[in-house]
Each structure stands twice: as structure tokens, then as C-alpha cells.
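Asks: Sequence and predicted model, in that order:
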Amino acid sequence: MKKTLFLLVVACLIAGCSTNDKNETLRPKGDQIPELTRLSTMKPIKQDKANEAKDLLSSYDNIKEIHAVNDDKQLIISIAIDHGDRFNLKKEEKKLEKIATKHFNDYIVTLSTDKKLEIELKQLETDIQANKVAKKELTNKINVLKKLLKEAT
Amino acid sequence: MKKKDKQQLTPEARDYQKLQKKSELKRPVFTNCIKAFVIGGSICLIGQIISTIYLYYFDFTEQTVGNPTVATLIILTMFLTGFGMYDHIAQFAGAGTAVPVTGFANAVISSAIEHRTEGFILGVGTNMLKLAGPVIVYGVFSSFVIALIKTIFTKWLGF
């Protein structure tokens, strides 16, 4: 009896933790619309690439929220994935980064699912909208965020 | 007692076993599990709150926030153990307080407090990890085994 129960629990755990089919992890868009903020495309800090990235990535429906900011050479994107899909977080991150890098091949693309990046980019987007950030300051901020993401300990 | 061992007993011994079973206090396994779940979960919730605070107000990412969170929980446990409060919580929650990192911290700190009268080297130094030592040994060993399994599956078998 105990053995059967143990096997049942193990089977349930394995079934629960198993990943979906590889092609199903990035599904085409359904009813859910991810939360995204459109930024100004006017000079001096044109955010058209950031907006384009949001449009591109919002076509995948396991994405909850997208935040992106760009300067002349770099594009930094933060995505929040649906809670149920967080089992495949690294895989999804890699796939989405590949898609974004391929699409914006003239930009240095950084994509992460890290919560810290989400918080910082949300704030940065608000500041850009309120014209509180200068161009140089934006580049510095992006560099700081990229450095922060590389930290391992 | 196992079924095989029971069969080898004399009839008198079997009768005694039955009598003893009648007067034996039953362990409240289900209640213990609930208590452990609630208190253990609350410790994890506190840990999550601490890590969220670090994420929002300090320069930590999800990757790096674990270390300061664990350190904070250990410091909190240190105070609770020192003031004798952790014992009461542990008595109530059982495994709920032993399994998280706070249980490990409690094991180290309480041993250090207990043996402080024997001196810092031979007392605290020698006995501090007596209880926590097996956790480190088997923790390291099991991570080695898991890493080995993962390496076999991901690098060699290509899963």
C-alpha cells in the first residue's frame, strides 16, 4: 500500500513537473493581451525600436508584461512570463532573445525575465514619458542594468 | 515492528505487543503535517517578502537576491534562538522549522550557546557544527549525486 502510494506521488510529481511539447511553449497569441506601454518616438530619445520589440514579442500569449527601452545601439527588454510557464523560464528566455536578436540585428539586444529588470525598466519608461531622462543618462542606465544582469553572486 | 519479526515472537510476547499498542499514545501525524506546512510556509513567505524588499530597494537581481535573503533569515534566527523563542516555535511546528535554512541556523547557534562555557576553541569551535555537520556532509553529497545525474542526462544522453 505504502509503495503504491509512494509510486503514485512520484508519478504525479513527474507528470506535474514535466515540460510541455517544445513547440507548444511559445504559443501564438490568444485572448490574453500583455501589458505594455507605448513610448514616444519623437527625438531626442526615439523609442521606436522598443515599441517595435513590444509589438513583436506580444504575439506570444504566455507573456504577461513587456517593458523595453532603447538608445542608438542597444535595446534592452524585460518580459514577465505567465506563472505556469515559469518552469521553462530559461528556455523561453533563450527563445525570445533569439527572436529579438534576429529581428533587431543592427542592435545589441539584451532580454531578460529578471524581476529587477522589470522594475527598473518600468521606472525608466515612466521617466522617459515624463521627459526626465537625457540621452546620455539613458545609455548609462542601460549599461548599469546590463552589468547588473551579468552579476552571478 | 516488521511482519517477519512479529511472526518470530512467542505468543506471550505477541500478547504483550497488543497490550502495549492499546496503551500507546497515537502520534498526531496529520496535525503535525498541517502545523509544519503552515509554519514552514510562513517562514518561506517571510523569506519571499525579504527578497522582494531587496529586489525593489537594493541593486540585487533575482539571481543574486538569494544570498542576502538567506543571511537575513540566519541573523533573525540567531536573535530568536538567543532569546529562546525559536525553541517554542520549533516545538510547535516540528519539521516546519527544521527544514528551512532557519533550522540549520538554529542547530549551529544553539550548539554554540550550549557549549560556550567550555571555551571558544574546544567548546564553541568543536561543538558548533556537531549537529549541523551531517546536514553539510549529506547536503554536499546529495548535490554531487544530483549534479552527476544531471550531467549524465543533459551532456551525455542529450535530454
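Replies: Sure thing, it's come through.

Asks: Skipping adjacent residues, who's closest to the residue of chain A found nearest chain B in space?
Replies: At 4.3 Å from chain B, residue A:116 is the closest residue in chain A, using Cβ to the nearest Cβ. In short, each C-beta sits where N, CA and C put it, glycine included. Once flanking residues are discounted, residue A:116 sits nearest to residue B:61: 4.3 Å by Cβ to Cβ, 6 or more residues apart in numbering or on different chains.

Asks: Below-threshold pLDDT in chain A: ranges please.
Replies: Within chain A, the segments meeting pLDDT under 70 span A:1-36, A:39-44.

Asks: for the residue of chain A closest to chain B, what are its contacts?
Replies: Residue A:116 makes contacts with A:148, B:55, B:59, B:60, B:61, B:62, B:65, as judged by Cβ atoms under 8 Å, 6 or more residues apart in numbering or on different chains.

Asks: wait, isn't residue A:73 in contact with residue A:107?
Replies: Yes. Using Cβ atoms under 8 Å, residue A:73 is in contact with residue A:107, at 6.5 Å.

Asks: Within range of chain B, give me the residues from chain A.
Replies: By Cβ under 8 Å from any Cβ of the partner chain, the residues of chain A that approach chain B are A:114, A:115, A:116, A:117, A:119, A:148, A:149, A:151, A:152, A:153.

Asks: before we move on, back to that, give me the phi and psi for the residue nearest to residue A:116.
Replies: Backbone torsions of residue B:61, given as degrees, to the nearest 10, read phi -100, psi 180.

Asks: okay, it: pLDDT?
Replies: We have a pLDDT of 93 for residue B:61.

Asks: ok, now the one 3 residues further on?
Replies: Among the per-residue scores, residue B:64 shows a pLDDT of 93.

Asks: where's it relative to chain A, distance?
Replies: According to Cβ to the nearest Cβ, to the nearest Å, residue B:64 and chain A sit 5 Å apart.

Asks: show me the contacts for the nearest residue to that residue once chain neighbours are set aside.
Replies: Closest residue to residue B:64 apart from its sequence neighbours, by Cβ to Cβ, 6+ apart: residue A:151 at 5.4 Å. By Cβ under 8 Å, 6+ apart, residue A:151 lies in contact with B:61, B:63, B:64.

Asks: What about the residue in chain B that chain A sits nearest to, how many residues nearby?
Replies: Closest residue of chain B to chain A, Cβ to the nearest Cβ: residue B:61 (4.3 Å). Residue B:61: 20 surrounding residues under other Cβ atoms under 10 Å in any protein chain shown.

Asks: for chain B, what spans make up the helices?
Replies: B:3-8, B:11-23, B:29-57, B:66-82, B:85-93, B:95-98, B:101-114, B:126-127, B:133-151 (DSSP state H).

Asks: looking at the ones you listed, which one has the lowest mean pLDDT?
Replies: Taking the mean pLDDT of those, helix B:3-8 comes last: a mean of 75.
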